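> Pasted the sequence and its predicted model underneath.
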Amino acid sequence: MNKKLLALYGLKWDPFSPELPIEALFITPKVKNFLWRLEQNQVREGGFALITGDPGTGKSVVLRLLAERLEQLREVTVGVLTHRET
């Protein structure tokens, strides 16, 4: 998105960019609860979680938020695996 459009709408960042900073994201109460449950149960107790959904529903954003949150914890290492078809 060009700078003129950002200025026209009073935006600081491109809202459609995958590199949108974490602090620019709106976190809903459901997402906050999900992140808390993963941190408290899955990370501390062990286990796994699956995030599924239709394209464009925020799965990648939630994973970015989760990685950011988990990186704050001691003795937790966050790794990212991606699959790209060639």
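Yep, that arrived.
> any idea which helix is longest in the chain?
helix 59-70 (DSSP state H).
> and that helix, which residues are buried?
V61, V62, R64, L65, L66, R69, L70 (16 or more other C-beta atoms under 10 Å). Any C-beta I mention is one placed from the backbone N, CA and C, and that applies to glycine too.
> mind checking the SS state of the closest residue to L38 other than its chain neighbours?
Here the nearest residue to L38 in space, its sequence neighbours aside, is A49; by C-beta to C-beta, 6 or more residues apart in numbering that works out to 5.6 Å. Applying DSSP: H, G, I helix; E, B strand; the rest coil to A49 yields a three-state assignment of coil.
> Would you state the predicted confidence (pLDDT) at A49?
With respect to pLDDT, A49 scores 79.
> Could you measure from it over to K4?
Note on A49: its distance to K4, by C-beta to C-beta, to the nearest Å, is 41 Å.
> Tell me which of these two has more neighbours.
A49 (11 against 8; other C-beta atoms under 10 Å).
> does that one really touch Q42, like I thought?
Yes. Counting by C-beta atoms under 8 Å, A49 does reach Q42; the two are 5.5 Å apart.
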